[in-house]
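Peer 1: Need coordinates for the following:
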Amino acid sequence: MMTRETVNELLKMKEKVRYLPGLRTFIGFKQGYVEFVRDDRFEGNPKMSFRKLFMLATDAIFSFSKFPLRLCLILGTTGTVVFYACRHLRAYCKSLRFCYNWLVFNFA
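Peer 2: Below you'll find the predicted structure:
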């Protein structure tokens with residue numbers, strides 16, 4: 001249940017991914033809850049498949065968290081450092097091999 005004021009604020013938001021539990025918290029109105037016991041499904045199958053539930057979970061994580069941005073930043077930075085370290089190590093090994101070959105062929 002939401003007041004008209006809350007619904008109007010939700011409608012003003014230009015979100016493409018409307019994860020409602022996150023948006024409700026984001027707009028900042030006072031919240032409450034109503035406890036109820038849900039009966040087991042009488043017949044039929046759930047409408048939400050595992051794939052749909054997984055996509056809903058990813059929307060919740062990526063829409064309202066700084067964690068994915070930080071993770072991408074850390075992984076990108078780590079990958080760049082490893083790439084440059086391997087590149088310089090390879091160049092160093094090539095230069096050592098050149099020096100070794102030059103010494104062997106010129107002084108042997």
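Peer 1: Confirm for me that residue 67 is in contact with residue 74.
Peer 2: No. Residue 67 is beyond contact range of residue 74, at 10.4 Å (criterion: C-beta atoms under 8 Å). (Glycine included, C-beta is placed from N, CA and C.)
Peer 1: Can you tell me the element the nearest residue to residue 13 once chain neighbours are set aside falls in?
Peer 2: Leaving out its chain neighbours, the residue that sits closest to residue 13 by C-beta to C-beta, 6 or more residues apart in numbering is residue 23, at 6.5 Å. Using DSSP states H and E, residue 23 sits within helix 20-27.
Peer 1: relative orientation of the following helix or strand past that helix and helix 20-27 in degrees?
Peer 2: Downstream of helix 20-27, the first helix or strand assigned by DSSP H and E is helix 50-63. Here helix 50-63 runs at an angle of 20 degrees relative to helix 20-27 (axes from the mean of the first three to the mean of the last three C-alpha atoms, to 10 degrees).
Peer 1: helices or strands up against helix 50-63?
Peer 2: helix 20-27, helix 67-107 (3 or more C-beta pairs under 8 Å, 6 or more residues apart in numbering; DSSP states H and E).
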